[in-house]
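A.B. asks: curious how this folds, go ahead:
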Amino acid sequence: MINYRLWMARLAAGTFACALAMSSAPVGTIAAQAATAAATQTASTQQTAASTADASASANAAAQTASSAQAAAAAAASSTDADAALTGSDSADVEGEKIYDLQAEVNAVNAQIAATEAAAGQSTEGLPSAPVCNVIYNFGGGRYYAVGPAMAMSMMRKNDDGSYYIDPTTHYYALSADAMKGFFAALQDMFPPKGASSKGFKATSGRIIKTVDPKIQHDGYIDVDKEMDYLTKAIMLQKQEVHKPSTTKGGGTYIEVDMKTQMLYYYENGRQKIKTSIVTGNTSRNMGTPEGVYTILKKMTDTNLVGPDYVSHVNYWMPIVGNSIGIHDATWRSKFGDSIYKTAGSHGCINVPLSVMEKLYPMVARGTTVVVFN
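C.D. replies: Numbers count the residues shown, from 1 in each chain. Have a look, this model is predicted:
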């Protein structure tokens with residue numbers, strides 16, 4: 001599991017400070033979450049704690065430095081000076097403030113790239129330049145976010161020694177899929193979808209569950225797959241343009257457990273990824289699975305579930321109520337769904353076919369919402 005908060009601490013402390021200094025005020029979140037996944041996954045807890053204070057100071061200073069230039073660029077993007085904003089012209093003014101100099105940012109980022117390579121013991125000769133890109137995301141209502149050279153470089157792949165990976169075919173930098181996913185996850189947090197049904201949670205079956213907060217299901221989430229494809233091309237082709245992101249319909253990321261139909265669904269950014277029959281708690285023995293809205297508390301593999309009269313080995317375990325009720329495979333079952341739960345159900349857990357758990361487990365993050373209803 002990628003630790004995006006750890007990315008923020010390391011980046012703000014200097015891993016790629018240029019990204020903070022050159023982008024908009026919220027970059028303390030975005031750049032950090034979009035940078036150096038491989039390096040941060042191996043960082044120790046002690047290193048993280050030691051860098052937190054410096055990280056906060058760096059992020060705050062960067063936000064102050066960035067605010068005027070990036071705000072001007074965003075404002076210009078919606079005005080008659082949009083062309084000047086996109087090209088980074090140093091002659092265009094927006095309400096008395098100059099548009100930031102795109103080439104100056106490229107030069108600063110190139111210097112940081114050279115410093116990174118030198119620190120890794122690599123040659124600084126013949127390094128490719130950072131992409132001269134300026135993609136301004138338009139979220140409507142005067143809300144913008146610009147992806148410039150610094151942000152683009154914060155999403156590039158790196159080698160184990162910390163140096164930048166150079167694609168042997170293109171002889172240029174290559175974007176990291178993990179870093180881009182982190183970027184869009186944080187961008188979505190900054191610009192959440194507006195509005196939701198006030199009637200209640202709409203189950204996959206079409207029923208409205210009035211006891212469940214409908215905010216779980218927002219329309220308008222960023223379509224990450226489409227936007228990753230777009231942004232990759234825009235950065236590599238060094239585009240300078242205003243872009244309205246593609247969005248999904250139907251809600252957020254959650255697991256839906258419909259005990260009436262004995263079905264489980266997993267939705268990611270509004271898209272159904274998993275659909276399967278299940279077996280829930282045995283209602284004839286008063287062991288029915290409790291209704292409610294929960295979260296995945298932790299994830300474990302190859303473990304034993306122990307109760308008063310049983311010990312059951314499971315390959316995948318995702319508890320939602322303490323460590324007693326959760327979602328897991330049940331290799332001892334040959335059938336799932338229908339009315340099995342009424343007389344031969346579980347001790348309260350949600351039993352899922354192994355073949356499905358093998359797919360579901362790596363998709364679901366700790367903290368994912370789980371909606372259980374009857």
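A.B. asks: so residue 190 makes contact with residue 145?
C.D. replies: Yes. Residue 190 is within contact range of residue 145, at 7.2 Å (criterion: C-beta atoms under 8 Å). Every residue, glycine included, has its C-beta placed from N, CA and C.
A.B. asks: ok, these two, which is more surrounded?
C.D. replies: Counted by other C-beta atoms under 10 Å, residue 190 and residue 145 do not tie: residue 145 has more neighbours, with 21 against 13.
A.B. asks: check which helix or strand covers that one.
C.D. replies: In this structure, residue 145 sits in strand 143-147 according to DSSP states H and E.
A.B. asks: sheet partners, orientation included, of that strand?
C.D. replies: strand 134-140 (antiparallel) (DSSP bridges).
A.B. asks: residue 199 versus residue 176, what's the distance?
C.D. replies: Noted for residue 176: a distance of 41 Å to residue 199, by C-beta to C-beta, to the nearest Å.
A.B. asks: so for these two, which sits in the more crowded spot?
C.D. replies: Higher neighbour count among residue 176 and residue 199: residue 176, with 21 against 10, using other C-beta under 10 Å.
A.B. asks: for the residue nearest to residue 202 when sequence neighbours are not counted, phi and psi?
C.D. replies: Once flanking residues are discounted, residue 202 sits nearest to residue 208: 5.8 Å by C-beta to C-beta, 6 or more residues apart in numbering. Main-chain torsions, residue 208, degrees, to the nearest 10: phi -100, psi 120.
A.B. asks: quick one, helices of the chain?
C.D. replies: Taking DSSP state H, the helices of the chain run over residues 4-10, 17-22, 27-34, 37-41, 45-77, 82-87, 102-119, 149-154, 177-190, 224-236, 340-344, 354-363.
A.B. asks: worst average pLDDT in these?
C.D. replies: Lowest mean pLDDT within the helices of the chain: helix 37-41, a mean of 30.
A.B. asks: the residue nearest to residue 202 touches residue 199, doesn't it?
C.D. replies: Yes. Applying C-beta under 8 Å, one finds residue 208 in contact with residue 199, separated by 5.3 Å.
A.B. asks: one step back: export the strand holding residue 145 to PDB, keeping only CA atoms.
C.D. replies: Output in PDB follows, covering the C-alpha atoms of strand 143-147 (Å, rounded to 0.1, in the frame of the first residue of the first chain):
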ATOM      1  CA  ARG A 143     -11.500  26.600  -9.600                       C
ATOM      2  CA  TYR A 144      -8.200  25.800 -11.400                       C
ATOM      3  CA  TYR A 145      -5.100  23.700 -10.900                       C
ATOM      4  CA  ALA A 146      -2.000  24.000 -13.100                       C
ATOM      5  CA  VAL A 147       0.400  21.200 -13.900                       C
END
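A.B. asks: how far off helix 224-236 does that strand point, in degrees?
C.D. replies: Using axes from the mean of the first three to the mean of the last three C-alpha atoms, to 10 degrees, the direction of strand 143-147 lies 50 degrees away from that of helix 224-236.
A.B. asks: could you give the angle of strand 143-147 to helix 177-190?
C.D. replies: 160 degrees.
A.B. asks: which residues touch residue 258?
C.D. replies: 203-205, 264-265, 373 (C-beta atoms under 8 Å, 6 or more residues apart in numbering).
A.B. asks: would you mind measuring from it to residue 150?
C.D. replies: From residue 258 over to residue 150 the distance is 46 Å, taken as C-beta to C-beta.
A.B. asks: same thing with residue 159?
C.D. replies: 20 Å.
A.B. asks: neighbour-wise, which of the two wins?
C.D. replies: residue 150 (24 against 13).
A.B. asks: my read: that one touches residue 105, true?
C.D. replies: Yes. The pair residue 150 / residue 105 is scored as a contact, 6.2 Å apart, by C-beta under 8 Å.
A.B. asks: contact partners for the residue lying closest to residue 232 once chain neighbours are set aside?
C.D. replies: Of all residues not flanking residue 232 in the chain, residue 175 sits nearest, at 5.4 Å (C-beta to C-beta, 6+ apart). By C-beta under 8 Å, 6+ apart, the residues touching residue 175 are 155-157, 232, 235-236.
A.B. asks: got it, and residue 301?
C.D. replies: Contacts of residue 301 (C-beta under 8 Å, 6+ apart): 315-317, 361.
A.B. asks: show the pLDDT at it.
C.D. replies: Looking at residue 301, the pLDDT reads 98.
A.B. asks: that older thread, in strands, which of the contacts of residue 301 fall?
C.D. replies: If you go by DSSP state E, these have 315-317 in strands.
A.B. asks: picking up where we left off before, from the contacts of residue 301, which is closest to residue 133?
C.D. replies: The closest of the contacts of residue 301 to residue 133 turns out to be residue 361 (C-beta to C-beta; 36.8 Å).
A.B. asks: what about that closest one, neighbour count?
C.D. replies: 19.
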